[in-house]
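Q: Below are the sequence and a predicted model; questions follow.
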Amino acid sequence: MNVYLLIDFGSTYTKLTAVDADKEEILATAKDITTVEEDIMIGFKKAFEKLKLCLEEKNIKFDEINFIKKIACSSAAGGLKMYAIGLVPELTADAAKKAALGAGARVMKTYSYELNRHEIEEIKNSNADILLLAGGTDGGNKKCIIHNAKLIADVKISIPVLLAGNKSANDEIIEIFEEANIDYIVTENVMPKLNKINEKPTREAIRNIFMTKIVEAKGMKNAEDFISGILMPTPAAVLKAAEVLAIGSDDEEGLGNLMVIDIGGATTDIHSLAEGDPTNAGVIPKGLEEPFAKRTVEGDLGMRYSALSLLEAAGTKKIRKYLNDDHKEIDVKAHCNHRHENIMMVPKTPEEIFFDEAMAGAATKIAMKRHCGWLESVFTPMGVMYYQHGKDLLDVKYIIGTGGVLVHSKNPKNILKAGEFDKEQPVHLMPRSPNYLIDSTYILSSMGLLAGENPDMAVRIMKKYLEKVN
Amino acid sequence: MKNGKTIVIGVIGSDCHAVGNKIIDHVLTEQGFNVINVGVICPQEDFINAAVETNADAIIVSSLYGHGELDCQGFKDKCNEAGLQDIKLYVGGNIVVGKQEWSEVNQRFLDMGFDRVYKPGTSIEITAEDIKKDLGMTE
């Protein structure tokens, strides 16, 4: 029996998924606590034993299994932490940030213009894994990126520096880095022409650095004795799965424009796979174009660790609306506080579930508003025209919900529809009438890994296992 | 044949006249300039940000609908703030409302910080020659 073993070394749990490559079915899943501090393989082996038991219970002889490939993604040891540096905040700095997010990184901070001593010391003293240096269009501004490169060399930054700026400055920067023994990698400019984003080479370069250097730096290299490799950060695997499901593969049709809403304990992540061109006449796209595969991470919107910051972002009134609590009978603050203090809490009573789902609705609405594009009206002598900032996602066909609160909900559509177009705030270009799918078997990150091996199979399995909700 | 100079062009404010902008783009490109066209309905920031990222040598602001003077208020200051103290600034089109004494209009815009101000109907070729002179490109 040919089997793919797909592994996610998560921040809390190491999760294993065994996929029958012939029947294209999920054979079994298992998980155990991630043990990155001591030895990543301790947690892995425990999960692997559980997987064996699971398979035996299904009368599958373990000896008959041929693991064609064992591949992993990871968000352990704090995930992939990056700092991004660009020139103009709305242009190359933003392009750099978006490229890093698309690579599955946690962008700790984005800097603009020429850095000062305090800022470079901040970067040096941080626990970042990779530094992304951009600035200037090709043939454009060189002064800023060279200044920043000199600072990086001065303070002898010890982490890998990915150079993704004005190509005309590369020679001088390489000389500066060589002399100071800086570990650097060069890739294409993340914004080679004004407003044109070129994030794919940067995403790929980040993935490479992750595989070849970061995995080892986080003490996870010994995993490669047993598995082929830890190929990418977990969020990159999720984005990859969504991308391949939207576009399709060589022999499989994709679903078309889609989004993923992932509500977790600490963050709410939104992915959109769509060009986002205006769907109405009289609309002019403004500013830096956004990537087809766009990922945003709202670090203040989460169900446990970020419960209090979610309350602050949403406001008590909004949470009460989702609770239908007109008479103010529920102590919203206390409930949020309880979740913040008990991050492992699993809701048991109907009231606890109901409150969780109200929080999830609020998180969905805010995260979607922040991710989706919006219109700004301009009064011209020809009448009203509109600037469009970001992507027009009105016609997105599918939204995939993932994360505990959605997967365990009896009515996830109720939560997810908070992310739909709201005619009372029509400037926000959120999906009008999408179909909803739930990742009830938590396969997205596994399928992102499988897409690298066999994209046709990954698309087929996702179409089979993502559950349609009415 | 590229001449190595970069010019940012665009139509400022809430003005959506696009045809002239395309003509300017075409002519300047033919003459070898690297043209960065920020398009129509552009706030001052669009011109500035583009000039910073592309290390532009000059900015040509076009205005056709009559409100140019208002839209250009503070432009030179913004350039200075952004480190573009030495960039050449040009403005043209139908930059004021109604028929006014040209020498007064010209002076008002020069006082705002523009290097050259162009009357309605000026052909872009004339501006191109002025730019070449100002950037030390002619023999």
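A: Received it, and whenever you're ready, just let me know what you need. Numbering: from 1, shown residues only, chains lettered A, B, ... in the order given.
Q: Pull the contacting residues for A:Gly276.
A: A:Glu290, A:Gly373, A:Gly390, A:Lys391, A:Asp392, A:Leu393 (C-beta atoms under 8 Å, 6 or more residues apart in numbering or on different chains). Glycine gets a C-beta too; all of them are placed from N, C-alpha and C.
Q: phi, psi of A:Ile270?
A: Per-residue torsions, A:Ile270: phi -120, psi 130 (degrees, to the nearest 10).
Q: What's the separation between the closest residue to it other than its chain neighbours and chain B?
A: Nearest residue to A:Ile270, sequence neighbours excluded (C-beta to C-beta, 6 or more residues apart in numbering or on different chains): A:His371, at 4.1 Å. A:His371 is 23 Å from chain B, where distance means C-beta to the nearest C-beta, to the nearest Å.
Q: before we move on, what about A:Gly78?
A: Counting by C-beta to the nearest C-beta - A:Gly78 and chain B are separated by 32 Å.
Q: Might one say that A:Ile71 is in contact with A:Gly229?
A: Yes - counting by C-beta atoms under 8 Å, A:Gly229 is a contact partner of A:Ile71 at 6.3 Å.
Q: With neighbour numbers in mind, choose between the two.
A: A:Ile71 (20 against 15; other C-beta atoms under 10 Å in any protein chain shown).
Q: Is it correct that the more buried one falls within a strand?
A: Yes - the assignment for A:Ile71 (DSSP: H, G, I helix; E, B strand; the rest coil) places it in a strand.
Q: mind checking pLDDT for the residue of chain B found nearest chain A?
A: Here the residue of chain B nearest chain A is B:Thr54; by C-beta to the nearest C-beta that distance is 3.9 Å. pLDDT recorded at B:Thr54 is 96.
Q: residues in contact with it?
A: Here B:Thr54 is in contact with A:Gly136, A:Thr137, A:Gly139, A:Gly140, A:Asn141, A:Leu194, B:Thr6, B:Val8, B:Asn34, B:Ile36 (criterion: C-beta under 8 Å, 6+ apart).
Q: So which residues of the stretch 301-450 of chain A form strands?
A: A:374-380, A:383-389, A:398-402, A:435-438 (DSSP state E, counting those that start in this stretch).
Q: Okay, buried residues for the first one please.
A: Translated: strand A:374-380. A:Trp374, A:Leu375, A:Val378, A:Thr380 (16 or more other C-beta atoms under 10 Å in any protein chain shown).
Q: Show me what from chain B comes close to chain A.
A: B:6, B:14-16, B:34, B:36, B:38-41, B:45-46, B:49-50, B:52-56, B:65 (C-beta under 8 Å from any C-beta of the partner chain).
Q: And the helices in chain B, which stretches?
A: Assigned by DSSP state H, chain B shows helices spanning B:19-30, B:44-54, B:68-71, B:75-81, B:102-111, B:124-134.
Q: Nearest to chain B, out of the strands of the stretch 301-450 of chain A?
A: Of all the strands of the stretch 301-450 of chain A, strand A:374-380 comes closest under C-beta to the nearest C-beta, at 4.6 Å.
Q: Give the rounded mean pLDDT of the closest one.
A: pLDDT averaged over strand A:374-380 gives 88.
Q: now stretch A:202-221
A: Mean predicted confidence for stretch A:202-221 is 93.
Q: From start to finish, how long is that stretch in a straight line?
A: 23 Å (C-alpha to C-alpha, to the nearest Å).
Q: what's in contact with that stretch?
A: A:9, A:36, A:39-40, A:74, A:76-77, A:80, A:82, A:96, A:99-100, A:102-105, A:129-130, A:132, A:160, A:162, A:164, A:183, A:185, A:187-188, A:190, A:223-224, A:229-233, A:236.
Q: So which of those sit within helices?
A: Counting by DSSP H, the contacts of stretch A:202-221 contribute A:Ile40, A:Ala96, A:Ala99, A:Ala100, A:Gly102, A:Ala236 to helices.
Q: from memory the third one sits against A:Glu199, does it?
A: This means A:Ala99. Yes - taking C-beta under 8 Å as the definition, A:Ala99 is a contact partner of A:Glu199 at 3.7 Å.
Q: any common contacting residues for the two?
A: With C-beta under 8 Å, 6+ apart, A:Ala99 and A:Glu199 have common neighbours A:Val190, A:Pro291.
Q: out of those two, which sits in the more crowded spot?
A: A:Ala99 (30 against 26).
Q: so how far is chain B from the more buried one?
A: Relative to chain B, and taking C-beta to the nearest C-beta, A:Ala99 is found at 16 Å.
Q: Among the contacts of B:Thr54, which are located in strands?
A: Judged by DSSP state E, strands contain the following of the contacts of B:Thr54: B:Thr6, B:Val8, B:Asn34, B:Ile36.
Q: Spit out the contact partners of A:Glu288.
A: Residue A:288: Leu, not Glu. A:Glu90, A:Leu91, A:Asp94, A:Ala95, A:Met191, A:Asn195, A:Ile197.
Q: Next, the contact list for the fourth one, please.
A: Put plainly, it is A:Ala95. A:Ala95 touches A:Gly86, A:Ala134, A:Val190, A:Met191, A:Ile197, A:Asn198, A:Glu199, A:Leu288, counting by C-beta under 8 Å, 6+ apart.
Q: one more time with 7 Å, if that's ok
A: By C-beta atoms under 7 Å, 6 or more residues apart in numbering or on different chains, the residues touching A:Ala95 are A:Gly86, A:Ala134, A:Val190, A:Met191, A:Ile197, A:Glu199, A:Leu288.
Q: Can you report how many residues lie near B:Glu81?
A: If you count neighbours by other C-beta under 10 Å, B:Glu81 ends up with 11.
Q: same question, the one 5 residues further on
A: The criterion is other C-beta under 10 Å. On that basis, B:Asp86 has 8 neighbouring residues.
Q: burial measure for A:Pro455, as a count.
A: 21.
Q: just A:Asn414 next, same as before
A: 15.
Q: what about it, distance to A:Ala358?
A: 10 Å (C-beta to C-beta, to the nearest Å).
Q: one step back: neighbour-wise, which one of the contacts of A:Gly276 leads?
A: In terms of neighbour count, A:Leu393 stands highest of these at 28 neighbours, by other C-beta under 10 Å.
Q: And it, its phi and psi?
A: Per degrees, to the nearest 10, the backbone of A:Leu393 is at phi -110, psi 20.
Q: How about the contacts made by it?
A: Counting by C-beta under 7 Å, 6+ apart, A:Leu393 has contacts A:Met259, A:Ser272, A:Ala274, A:Gly276, A:Cys372, A:Gly373, A:Leu429, A:Met430, A:Pro431.
Q: ok, the closest residue to it other than its chain neighbours to chain B distance?
A: Nearest in space to A:Leu393, with sequence neighbours left out and distances taken as C-beta to C-beta, 6+ apart, is A:Cys372 at 4.8 Å. Separation of A:Cys372 from chain B (C-beta to the nearest C-beta): 22 Å.
Q: wait, doesn't A:Cys372 sit right on A:Met430?
A: Yes - counting by C-beta atoms under 7 Å, A:Met430 is a contact partner of A:Cys372 at 4.7 Å.
Q: just to revisit the earlier point, which among the contacts of A:Leu393 end up buried?
A: Looks like the contacts of A:Leu393 have A:Met259, A:Ser272, A:Ala274, A:Gly276, A:Cys372, A:Gly373, A:Leu429, A:Met430, A:Pro431 buried, using 16+ other C-beta under 10 Å.
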